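> pasting the sequence and the predicted model now:
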Amino acid sequence: MNENYPVYIIYSSWSLDTIKKFLLDLMPDSVSNMKIVYDSLYNETNKTIIVLKEELYNLLIDKGYGVTRFEIDFKIKKYKFNDSILPGINKSTNLFIPIIKKTTESDLTSIINKKLEELSQFKLLPEKSWRIKCPINSRENGNVKLGCFIFFRHDISIYNIGIIKFLLNNTHWINDDNDKYDNTIKCYWARHRIQT
């Protein structure tokens, strides 16, 4: 599998804000998506998945942050993907994000588009290579029924879509201190539609 994706793993017990500040002090405008890795009981680990510019990664390696060091709680490595990011049997190459609280098509589309646009700036997928569809209860109020689907152009690699799914999953709808379940984005492979 191609490992030229700008996705890395940081080992540190620092807060996300501290990690981001540390990285941006080294190279402004070089950091995108960040998310904490949770264990099977949904407890935080010291691992953070991050999307950043390769130039920043190379600078960190040159400065010795690719190995564990006693004097600083920070180590970075390239994240290695395997085939587990690919869709299973009876799954499509589209993504589905369920919602658990009442929201509108406009709000949901805006949040997901913003996340995807940020990832496209780091070359994980081309701009405007996706479409979001949110089934709604009524066109009058725009309230979403169950969630939204993300469709990708046919020229987008299944691996890239799997990485997008991985990066969206367990992020937050809004950036605040709300780590509650209703603020966590869950991203799944959509099922194949049965043609009749």
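Thanks, I have it. Numbering: from 1, shown residues only.

> show me where the chain has helices.
16-26, 54-62, 105-121, 158-168 (DSSP state H).

> how about the nearest residue to the residue minimising distance to the centre of the chain, chain neighbours excluded?
The residue lying closest to the centre of the chain (CA atoms, centre = their mean) is Leu167, at 2.0 Å. Spatial nearest neighbour of Leu167, chain neighbours left out: Asn33 (5.2 Å); criterion: CB to CB, 6 or more residues apart in numbering. In this view, the C-beta of every residue, glycine as well, is placed from N, C-alpha and C.

> and the one you found, what is it in contact with?
Asn33 is in contact with Ile49, Ile50, Val51, Lys115, Glu118, Leu119, Leu167, Thr171, counting by CB atoms under 8 Å, 6 or more residues apart in numbering.

> flag the least confident of the residues you listed.
Lowest pLDDT of these: Thr171, 85.

> that one contacts Glu118, doesn't it?
No - at 10.9 Å, Thr171 does not count as touching Glu118 under the criterion of CB atoms under 8 Å.

> more neighbours: those two, which one.
Thr171 (19 against 14; other CB atoms under 10 Å).

> would you check how far apart the closest residue in space to Glu127 that isn't next to it in sequence and Ile72 are?
Once flanking residues are discounted, Glu127 sits nearest to Ser120: 4.9 Å by CB to CB, 6+ apart. As defined by CB to CB, to the nearest Å, Ser120 lies at a distance of 32 Å from Ile72.

> could you do Lys101 as well?
From Lys101 over to Ile72 the distance is 40 Å, taken as CB to CB.

> over to Lys114?
Lys114 sits at a distance of 32 Å from Ile72 (criterion: CB to CB).

> and for Ile10?
Distance of Ile10 to Ile72, given as CB to CB: 12 Å.

> tell me how far the residue nearest to His172 when sequence neighbours are not counted lies from Val7.
In space, and not counting its chain neighbours, His172 is closest to Asn183: 5.1 Å by CB to CB, 6+ apart. Remark: distance between Asn183 and Val7 (CB to CB) = 23 Å.
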